[in-house]
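> Sequence first, then the predicted structure:
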Amino acid sequence: MNNDKKINNKNLLLIASFLLSTSLISLKTLNFVNIKDIKISGSKLFSKNDLVKNSSLKFPTRLILINTRFLEEELKKNLSLKNVSVSRQIFPFGLRIQVQTRKPVAYGERILSNEKILGYIDADGVFINKQNVDKKNLNKSLIRVFGWKEKYKKKLSEILIAQDINEFELIKITFSPNGFLTLEEKDLKTILLGFNSNLINYQLQIINKFKIEFMKNNFSEKIDKIDLTDPYKPKIKVFKP
């Protein structure tokens, strides 16, 4: 009987201890968090002030009231980030923000409200504002992209990825105001691709074949322009002596 009482007392103590710690944690989440309680990991590019300026965070605010999912989406969009993870923590108390920056593979130019904006573009075709890039790690021989728009991301990504696995070497990618796509390749010169996004993979295959064949025969020196708007009937314009 005495042993049973001891066991019951131990159980009651464990339950009481659990309830007390749970209550303390719940109370802790009601505490106010300030900018000093933010901890950033993953990149040294952004300061605490950068995160606050590019979000709807207002300090002081109660930790439990911070919508982490909404904050992640805000920071991802406003800072051109590849990924963001935000978590509320009790011990140590504060807001933990882990960021993953995007790696630029091209210089970019876009028009927004009739204003030209310069920046960079990653392999996903995402535009990165220039202040959100660590310029120390930039490759000086980046491709240049003109006329970027949100709706061209997928097409642009396909082009940038294809260049990495094929023989051609692009210098410039241009979307005209009406969406007509033109490439400039190191040896093949100007390449017209047109408007049809569904043809892009086949067009890129043809560009790669042309590059290989023309370089074998030194024919690329004679090329002025290649028209692949209809990739099934390519047209090649050569320099006339």
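The structure has been received and is ready for your questions. Numbers count the residues shown, from 1 in each chain.

> Which of the helices and strands in this protein ranks last by mean pLDDT?
Lowest on mean pLDDT, DSSP states H and E among the helices and strands of the chain sits helix 2-29, with a mean of 46.

> by contact count, what packs against the helix or strand just after that one?
With elements assigned by DSSP states H and E, the helix or strand that comes after helix 2-29 is strand 32-33. Applying 3 or more C-beta pairs under 8 Å, 6 or more residues apart in numbering; DSSP states H and E, one finds that strand 32-33 makes contact with strand 61-62. All C-beta atoms are positioned from the backbone trio N, CA, C, and that covers glycine.

> and after the strand it packs on, which helix or strand comes next?
Next along the chain after strand 61-62, taking DSSP H and E as the criterion, comes helix 68-78.

> Could you export that next one as PDB, keeping only the C-alpha atoms?
The C-alpha trace of helix 68-78 is given here as PDB (Å, rounded to 0.1, in the frame of the first residue of the first chain):
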ATOM      1  CA  THR A  68       5.100  33.200 -39.500                       C
ATOM      2  CA  ARG A  69       3.700  31.900 -42.700                       C
ATOM      3  CA  PHE A  70       2.600  35.400 -43.900                       C
ATOM      4  CA  LEU A  71       6.000  36.800 -42.800                       C
ATOM      5  CA  GLU A  72       7.800  34.100 -44.800                       C
ATOM      6  CA  GLU A  73       5.900  35.000 -48.000                       C
ATOM      7  CA  GLU A  74       6.500  38.800 -47.400                       C
ATOM      8  CA  LEU A  75      10.200  38.400 -47.000                       C
ATOM      9  CA  LYS A  76      10.600  35.900 -49.900                       C
ATOM     10  CA  LYS A  77       8.900  38.300 -52.300                       C
ATOM     11  CA  ASN A  78      10.300  41.600 -51.100                       C
END
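
> List the beta-bridge partners for Gly108.
Gly119, Val145 (DSSP bridges).

> Could I get the average pLDDT for the strand or helix carrying Ala162?
Assessed by DSSP H and E, Ala162 sits inside helix 153-165. Helix 153-165 carries an average pLDDT of 93.

> who's in contact with the most centrally placed residue in the chain?
Residue closest to the average C-alpha location in the chain (C-alpha atoms, centre = their mean): Lys82, at 4.0 Å. Lys82 makes contacts with Lys76, Gln100, Thr101, Arg102, Asp122, Asp124, as judged by C-beta atoms under 8 Å, 6 or more residues apart in numbering.

> Surely the third one touches Ser43?
Read it as Thr101. Yes. Contact criterion C-beta atoms under 8 Å: Thr101 and Ser43 qualify, at 5.1 Å.

> Quick check: the gap between Ile165 and Val99.
Between Ile165 and Val99 the computed distance is 29 Å (C-beta to C-beta, to the nearest Å).

> These two: who's more crowded?
Of the pair Ile165 and Val99, Val99 is the one with more neighbours under other C-beta atoms under 10 Å, namely 21 against 8.
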